[in-house]
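*Asks:* need a structure here:
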Amino acid sequence: MPAAPGISLPAPGKYASPDLPVNSRYPVNTTPNSARPSLSTVEVSIPGHPYPVVIGPGARRRFVSYLAPFHLNRTVWITDRNVAGLWGDEIRSLSGTAAPDLVVLPAGEEQKRLATVEDLCRRFVQLGVERHDTLVACGGGVIGDVVGFAAACYLRGVNFVQLPTTLLAMVDSSVGGKTGVDLPEGKNLVGAFHQPRFVLADPDFLATLPERELRSGLAEVIKTALISGPKLFTELRSFVKRHPDLQGPDLAGLIESCVDFKAGVVEKDEREGGLRRILNFGHTVGHALECLGQYRTLKHGEAVLWGLSAALDLSVRRAGLDPRLETDIQAFLAPFLTAIPPLEFDSGEVLDLLARDKKVRRKVVQFVLLRGVGLPVVTPLADPQILIAALDHLRDRMRAGAAPEGEDREIRD
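*Replies:* Numbers count the residues shown, from 1 in each chain. Coordinates of the predicted model:
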């Protein structure tokens, strides 16, 4: 039976808010003769659907043992061409079967659309996927979001697990159950909350990740560090200083800290009714820029990095962030921002996209801003002139290829 269009089946610390608990961590034993460091686990204790996130080198090799307790029928693996080309043999080994069902999608953010979900669901029908089978999302954020959404829709919901292969997916998108796709009108406008059975975050996958993708993933680490508190932000700055290439044996610890913080937030607000909104820091403008670039010019994390820069600017203007602290943080962002391809935009176009953002309430954009490191605050910004001033400032910095130097700005109450 032919495959559906577009897809193929190849041959065989200290946290800022005291009500955010630190999740329990405990070591997972590895093979006795292994020289690898112990794995760690963060439990995402969502009522009715708790699940573990296993973090560390070699975590992927725990797949069969974590799947076994569910007594599920079979697995169907979904990945993209980049991952399949680098890790295809490993995927077949991890599945525990000689010839696993493996569906390969084209790579890229442009695959994050409704047509891809339809193609996947048609392929599942052709493969005879049943309700008690399990979909395995093995890839970056696009694969996790698309497969998770397909899992939420197919047969009104089937199991899925996450094996993230990018830094961005490990620290953010694979955890918390947000799934979905983009529309031409905006980012992540169609989706569902659908939690995975478990997540295996293995930094070994990052050894084959291009430097640009690593920098993109670092955006979510920076975001988490800024909203969680000084401890993680200090840890992050120290890591970057020690490892300019963003690779190092202590990267797993950074991943764990980010997952730990996000789990504590998601446990209290799974559906983003309140607290979880703080995880959108930097994403409001970031998503608009990503859409303006038609999901090709900027990687998601690159757009978020510029979104963080804009949010810091707005934080000085509206949230009382100390300009000296903002300048310090912008200086930390600068080397990553200068490496991002330029994007020309009109501030009015960005405003139009912001009006369609899923965080809009009563036609007012809700921004996550900072009063300080670890002190996020959700702030409605109804005055378009403040937004235009910040966006014009951002565009000028993009053109200059550098972060701001602490220029004078109008600060309003």
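
*Asks:* which residue ranges form the helices in the chain?
*Replies:* 63-67, 81-94, 114-127, 141-153, 167-168, 211-228, 230-242, 251-268, 283-292, 300-314, 323-337, 347-354, 384-400 (DSSP state H).

*Asks:* any idea which of the ones you listed is most buried?
*Replies:* helix 167-168 (a mean of 29; mean count of other C-beta atoms under 10 Å). No exception for glycine: its C-beta is placed from N, CA and C like everyone else's.

*Asks:* contact partners of that one?
*Replies:* 140-141, 206, 209, 213-214, 216-221, 246, 255, 300-301 (C-beta atoms under 8 Å, 6 or more residues apart in numbering).

*Asks:* ok, so of these, who is nearest residue 69?
*Replies:* Minimum distance to residue 69 across these is 24.2 Å, recorded for residue 255 (C-beta to C-beta).

*Asks:* roughly how far apart are residue 142 and residue 310?
*Replies:* 24 Å (C-beta to C-beta, to the nearest Å).

*Asks:* try residue 191
*Replies:* Taking C-beta to C-beta, one finds residue 191 at 24 Å from residue 310.

*Asks:* cool, and residue 129?
*Replies:* In terms of C-beta to C-beta, residue 129 sits 42 Å off from residue 310.

*Asks:* quick one: low-confidence ranges for this structure?
*Replies:* 1-37, 71-72, 98, 402-413 (pLDDT under 70).

*Asks:* domains in it, by residue range?
*Replies:* Domains of the chain are assigned by automatic domain parsing as 25-267, 281-400.

*Asks:* got CSV for the ones you listed, with distance to residue 275 too?
*Replies:* Below are the domains of the chain laid out as CSV (distance: least, C-beta to C-beta, whole Å):
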stretch, distance to residue 275
domain 25-267, 6
domain 281-400, 9
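
*Asks:* which among the ones you listed is found nearest to residue 274?
*Replies:* Taking these one by one with C-beta to C-beta, domain 281-400 is closest: 8.5 Å.

*Asks:* measure the closest one end to end?
*Replies:* Using C-alpha to C-alpha, to the nearest Å, the end-to-end distance of domain 281-400 comes to 24 Å.

*Asks:* can you pull the contacts of the nearest residue to residue 246 once chain neighbours are set aside?
*Replies:* Excluding its sequence neighbours, the residue lying closest to residue 246 (C-beta to C-beta, 6 or more residues apart in numbering) is residue 214, at 4.5 Å. Neighbouring residues of residue 214 by C-beta under 8 Å, 6+ apart: 167, 206, 245, 246, 247.

*Asks:* does the third one touch residue 211 like I think?
*Replies:* Yes - contact between residue 245 and residue 211 holds when scored by C-beta atoms under 8 Å: they sit 7.2 Å apart.

*Asks:* contacting residues around the closest residue to residue 320 other than its chain neighbours?
*Replies:* Nearest residue to residue 320, sequence neighbours excluded (C-beta to C-beta, 6+ apart): residue 371, at 5.5 Å. By C-beta under 8 Å, 6+ apart, the contact list for residue 371 reads 315, 319, 320, 321, 377.

*Asks:* please redo it, this time with the cut-off set to 10 Å
*Replies:* 16, 315, 319, 320, 321, 322, 325, 377, 379 (C-beta atoms under 10 Å, 6 or more residues apart in numbering).

*Asks:* who wins on neighbours among those?
*Replies:* Counting neighbours by other C-beta atoms under 10 Å, the top entry in the contacts of residue 371 is residue 315, with 29 neighbours.

*Asks:* OK, contacts around the residue nearest to it when sequence neighbours are not counted?
*Replies:* Nearest-residue entry for residue 315: residue 321, 3.8 Å, with adjacent residues in sequence omitted and distances by C-beta to C-beta, 6+ apart. Residue 321 sits next to 311-315, 329, 369-373, 375, 377, 411 when contact means C-beta under 10 Å, 6+ apart.

*Asks:* let's see that with 7 Å instead.
*Replies:* 312, 315, 370, 371, 372 (C-beta atoms under 7 Å, 6 or more residues apart in numbering).

*Asks:* with residue 258 instead?
*Replies:* Taking C-beta under 7 Å, 6+ apart, one finds 171, 221, 224 in contact with residue 258.

*Asks:* sketch out the strands for the stretch 1-150 of the chain, chain order is fine.
*Replies:* 25-28, 39-44, 51-55, 75-80, 101-105, 134-139 (DSSP state E, counting those that start in this stretch).

*Asks:* and these as a markdown table, adding mean neighbour count?
*Replies:* Compiled in a markdown table, the strands of the stretch 1-150 of the chain are given as follows (neighbours: other C-beta atoms under 10 Å):
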| stretch | mean neighbour count |
| --- | --- |
| strand 25-28 | 13 |
| strand 39-44 | 22 |
| strand 51-55 | 23 |
| strand 75-80 | 24 |
| strand 101-105 | 22 |
| strand 134-139 | 27 |
